[in-house]
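Visitor: Just need the structure, nothing else, for what follows:
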Amino acid sequence: MDTKKTKTRTSQKNPYAISFGRIPNQYIRRDLLIYDILEELESDIVREQAFKLTGIRGTGKTVTLTAIEKELRDKDEWILVDLRSNSDITRDLIANLYSEVSFLTKFINSNLNLSMFGIGVNLAKQSPVASLDVALKQILSEVKKRKKKVLVAIDEVRKTDAMVDFIQEFQILVREEFPIYLLVAGLYDDIESIENTDGLSFFLRAEKYDMSPLNIKIIQEDYKETLKLSTETAAELARMTKGYAFAYQAFGMYMWESGTGKITDLVLAKVDYALKEKVYAKIWSELTPKDRWFLRYAVEKDTMPVADLLEMTKSSHREWSVPRKHLIEKGIIDGNARGQVVLRLPRFKEFVMDAEED
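Guide: Numbering: from 1, shown residues only. Model (predicted):
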């Protein structure tokens with residue numbers, strides 16, 4: 001390899017990253033999904049006020065949520081608030097609005113005595129507000145008067161008492177036509193746990209977006225341009241990712257480090273280790289012994305007829321139905337593939353074989 005080219009490459013920062021929670025320098029935006037949500041958020045006719053991003057770890061939920069917030073952040077009519085599902089959500093929402101939005105700071109200091117909640121100043125002439133729900137309605141009335149909108153974003157959402165209480169309150173706020181919107185991102189199990197809670201039919205009906213695989217052709221062109229790979233190598237590498245966002249980053253990062261332009265055994269070993277440590281070990285630990293037993297047969301092929309799997313395992317459709325449901329929920333197999341067992345995760349066979357040895 002040309003020494004000058006090597007020196008230039010090593011002096012540059014690796015554009016790919018496998019850390020969670022931030023947007024890498026090099027990533028593939030889910031433009032259509034982002035556009036759909038932004039179109040709903042900015043529409044003059046309000047049809048949806050709650051949106052759910054769901055998928056397994058490493059599919060780009062946080063990156064997509066952050067990208068949507070980034071699009072709205074510089075727009076004057078939007079007020080963005082990031083919260084945690086294990087916090088006192090309504091209180092933290094009001095506290096954020098008070099501390100971050102100047103016209104609401106003035107409004108609360110002049111009109112609402114929230115001192116018993118540790119928010120604002122103590123207004124001697126006014127009785128303390130007894131309910132944060134009532135206070136939130138008054139604050140949102142002021143937001144509406146100013147022709148503003150509030151987007152509450154919650155990443156890694158999970159079912160907590162505070163989350164359930166907030167969604168119930170959110171339903172009332174939507175019904176009373178307040179300009180408040182909700183965008184959450186979470187794992188399949190966590191989203192489903194909230195959806196199945198009694199009294200949260202609103203959340204169940206809210207628009208849900210599955211983090212489907214990235215487009216293989218786009219990954220190929222990205223690798224070809226960024227890593228300076230041949231068309232054949234870029235195509236092979238892209239296929240190996242199966243469109244899984246974390247794998248796309250991992251393959252890109254270790255190919256960049258390698259600098260050889262070839263898919264070496266060392267690159268594969270590093271990718272396999274990253275997948276295991278960051279994602280697969282956690283998924284594996286949450287599976288039942290029966291799930292794992294079926295998987296040891298299923299990973300023999302990327303796509304296998306259900307009839308073949310049942311023949312190999314000497315099992316019935318009834319015995320397979322529960323593990324199948326679990327494996328779909330964990331994002332390991334494709335739930336849309338009828339009569340077939342289709343593996344969604346890249347190099348999962350290598351992980352399972354390694355797990356068996358352990």
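
Visitor: Quick one: residues contacting residue 191.
Guide: 52, 54, 157, 184, 208 (C-beta atoms under 8 Å, 6 or more residues apart in numbering). Heads up, the C-betas are built off the backbone N, CA and C, glycines and all.

Visitor: Just say helix, strand or coil for it.
Guide: For residue 191, the secondary structure call by DSSP: H, G, I helix; E, B strand; the rest coil comes out as helix.

Visitor: From residue 199, how far off is it?
Guide: From residue 191 across to residue 199, the span is 16 Å (C-beta to C-beta, to the nearest Å).

Visitor: so what secondary structure elements neighbour the helix or strand containing residue 323?
Guide: Assigned by DSSP states H and E, residue 323 falls within helix 317-329. Helix 317-329 sits against helix 188-195, helix 289-298, helix 306-313, with contacts defined as 3 or more C-beta pairs under 8 Å, 6 or more residues apart in numbering; DSSP states H and E.

Visitor: For residue 234, find the nearest of these.
Guide: When the helices and strands packed on helix 317-329 are compared by C-beta to C-beta, helix 289-298 sits nearest residue 234, at 29.0 Å.

Visitor: Quick check: buried residues in that closest one?
Guide: For helix 289-298, burial by neighbour count (16 or more other C-beta atoms under 10 Å) applies to 291, 294, 295, 297, 298.

Visitor: Just put those in TSV and tack on pLDDT and distance to residue 250.
Guide: Output for the buried residues of helix 289-298, formatted as TSV (pLDDT from 0 to 100; distance: C-beta to C-beta, whole Å):
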residue	pLDDT	distance to residue 250
291	96	24
294	96	26
295	95	21
297	95	26
298	95	23
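
Visitor: Quick one: distance of the helix holding residue 323 to the chain centre.
Guide: Helix 317-329 sits 24 Å away from the centroid of its parent chain (C-alpha atoms, centre = their mean, to the nearest Å).

Visitor: contacting residues for the closest residue in space to residue 326 that isn't next to it in sequence?
Guide: In space, and not counting its chain neighbours, residue 326 is closest to residue 291: 5.0 Å by C-beta to C-beta, 6 or more residues apart in numbering. The contact partners of residue 291, by C-beta under 8 Å, 6+ apart, come to 323, 326, 327.

Visitor: So which of the residues you listed is the closest to residue 222?
Guide: Using C-beta to C-beta, residue 327 comes nearest to residue 222 of the contacts of residue 291, at 29.3 Å.

Visitor: Which helix or which strand is home to residue 80?
Guide: strand 78-83.

Visitor: Neighbouring strands - and their directions - for that strand?
Guide: strand 149-154 (parallel) (DSSP bridges).

Visitor: Next, the buried residues of the helix or strand just after the partner strand.
Guide: The first helix or strand that comes after strand 149-154 along the chain, using DSSP H and E, is helix 161-175. By neighbour count on 16+ other C-beta under 10 Å, the buried set for helix 161-175 is 162, 163, 164, 166, 167, 169, 170, 171, 173, 174.
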